[in-house]
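A.B. asks: 3D model of this:
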Amino acid sequence: MQLGEILDGTFNIYRRHFAQFMRLSVVLVWLPTAVAVYLQVRFSGSPLEILATLQEHPVAAILVGLLMLIIWTTSSLLLKAGTISIISDSYLGHEPKLGPALRLGVAKIIPLLLVALSKGLLLALLYLFGALGIVLLVMIGRLGGPVLSGLLAFAGVCGLVWLVVWVACGYGVTTPVIVLEDLPSSFDAFGRSWDLTRGSRMKVLGTAAVTWLMSQFLPQVVVGGISAAIGAQATLQPVFVVFASLLGIVLAPILPCAITLLYYDLRVRREAFDLQILSEDLGIR
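C.D. replies: Okay, the predicted model is just below:
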């Protein structure tokens, strides 16, 4: 499938199983969304108030931040696993149900968390060592003057961004791999994803970027723009915060849908993937 076909299939599946996706999203995303709404309303979206709170209670703020990160990451991974289950049932001609989707996510949550944490750590290390490399390039460039230093800094930043994006796209389908394939170790998902995405990294990037823009970024920009346009009425701000959060819950399954369809497409191209393989992967006879 081309990018347009993946997007078309994503929205068709989303529309066809909208009720199931909404139940799954509400069950899994309501808690982090409620906390995020509370924090936004509590601090009125003011960075100064947030900074003041961090200075007054640094330890508590760090602990709350880590707890929120764990809750949000777990909810997001369970949502992705459940979305993959719904799409897979649809491919197999079964009626998707909420219970099996949640059970599949819970059964896979430990390897999903391990791989997500490892992936995040890997990308963070790439950023860190890349930043150190850029600093070294700038220091070397100073020997040749400010122009050379600036050119080396620009080249270093572009190279670092390209490297991080390339690696992230190479590991872009680790979640479907863990959920749908029987691997000796959860960390084998890295090599499996790398093999599947070889030669298709730009397709992975395009699918993720366009889907994110359409389902998350643009709707939030529209809501934010309307909120800013009537921002003089401060009493309405909490209403827009709640509406934007509800919109996020409604649209949350779209990106996992697109990544799942991309995963299937990559397997079809490389392995002549069919429904029988999917049935065996899911343990269905």
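
A.B. asks: now the helices for the stretch 101-250 of the chain?
C.D. replies: Ranges of helices within the stretch 101-250 of the chain are 146-170, 174-180, 188-196, 201-212, 218-229, 237-251, based on DSSP state H, counting those that start in this stretch.

A.B. asks: so what secondary structure elements neighbour the first one?
C.D. replies: Read it as helix 146-170. Counting contacts by 3 or more C-beta pairs under 8 Å, 6 or more residues apart in numbering; DSSP states H and E, helix 146-170 packs against helix 98-141, helix 201-212. C-beta here means a position set from N, CA and C on the backbone, and glycine is covered the same way.

A.B. asks: and the longest one with helix 188-196, angle?
C.D. replies: Our comparison of helix 98-141 with helix 188-196, counting by axes from the mean of the first three to the mean of the last three C-alpha atoms, to 10 degrees, yields an angle of 70 degrees.

A.B. asks: Averaged pLDDT, helix 98-141. What do you get?
C.D. replies: Averaging pLDDT along helix 98-141 yields 90.

A.B. asks: now swap in stretch 202-211 and tell me
C.D. replies: The model assigns stretch 202-211 a mean pLDDT of 92.

A.B. asks: So for it, what gets flagged as buried?
C.D. replies: Within stretch 202-211, the residues that count as buried by 16 or more other C-beta atoms under 10 Å are 203-208, 211.

A.B. asks: Ala34: which of the helices of the stretch 101-250 of the chain is closest?
C.D. replies: In terms of C-beta to C-beta, the element of the helices of the stretch 101-250 of the chain nearest to Ala34 is helix 237-251, at 8.1 Å.

A.B. asks: Give the rounded mean pLDDT of that closest one.
C.D. replies: Per-residue scores along helix 237-251 average to 74.

A.B. asks: Also stretch 4-18?
C.D. replies: 87.

A.B. asks: Enumerate the positions of it that are buried.
C.D. replies: 6-7, 9-11, 13-14, 17.

A.B. asks: do stretch 113-133 as well
C.D. replies: Quick answer for stretch 113-133 (16+ other C-beta under 10 Å): 115-116, 118-119, 123, 126, 130.

A.B. asks: Nearest to Thr174 among those residues?
C.D. replies: The closest of the buried residues of stretch 113-133, once distances to Thr174 are taken by C-beta to C-beta, is Val115, at 5.2 Å.

A.B. asks: hang on, that closest one packs against Phe190?
C.D. replies: Yes - using C-beta atoms under 8 Å, Val115 makes contact with Phe190 at a distance of 7.3 Å.

A.B. asks: Common neighbours of the two, please.
C.D. replies: Residues touching both Val115 and Phe190 by C-beta atoms under 8 Å, 6 or more residues apart in numbering: Thr174.

A.B. asks: ok, Ile109 - contacts?
C.D. replies: By C-beta under 8 Å, 6+ apart, the neighbours of Ile109 are 74, 77-78, 81.

A.B. asks: Just flag the most distant two among those.
C.D. replies: It's Thr74 and Ala81 that sit farthest apart of these, by C-beta to C-beta, at 10.7 Å.

A.B. asks: Of those two, which one has the most company?
C.D. replies: With neighbours defined as other C-beta atoms under 10 Å, Thr74 and Ala81 compare such that Ala81 has more, 27 against 18.

A.B. asks: So that one sits against Lys108, correct?
C.D. replies: Yes - using C-beta under 8 Å, Ala81 makes contact with Lys108 at a distance of 5.4 Å.

A.B. asks: Determine the residues that are contacts of both of those two.
C.D. replies: Shared contacts of Ala81 and Lys108 (C-beta under 8 Å, 6+ apart): Val179.

A.B. asks: in stretch 88-105, what's buried?
C.D. replies: 88-89, 91, 96, 98, 100-102, 104-105.

A.B. asks: er, stretch 207-225 actually
C.D. replies: In stretch 207-225, counting by 16+ other C-beta under 10 Å, buried: 207-208, 211, 214-216, 219, 223.

A.B. asks: what does stretch 174-182 give?
C.D. replies: The neighbour-count criterion (16+ other C-beta under 10 Å) identifies 174-180 as the buried residues of stretch 174-182.

A.B. asks: Need the contact partners of it.
C.D. replies: 77, 80-81, 84-85, 88, 104-105, 108, 111-112, 115-116, 119, 183, 186, 189-190, 192-193, 196, 256, 259-260, 263, 278, 281-282.
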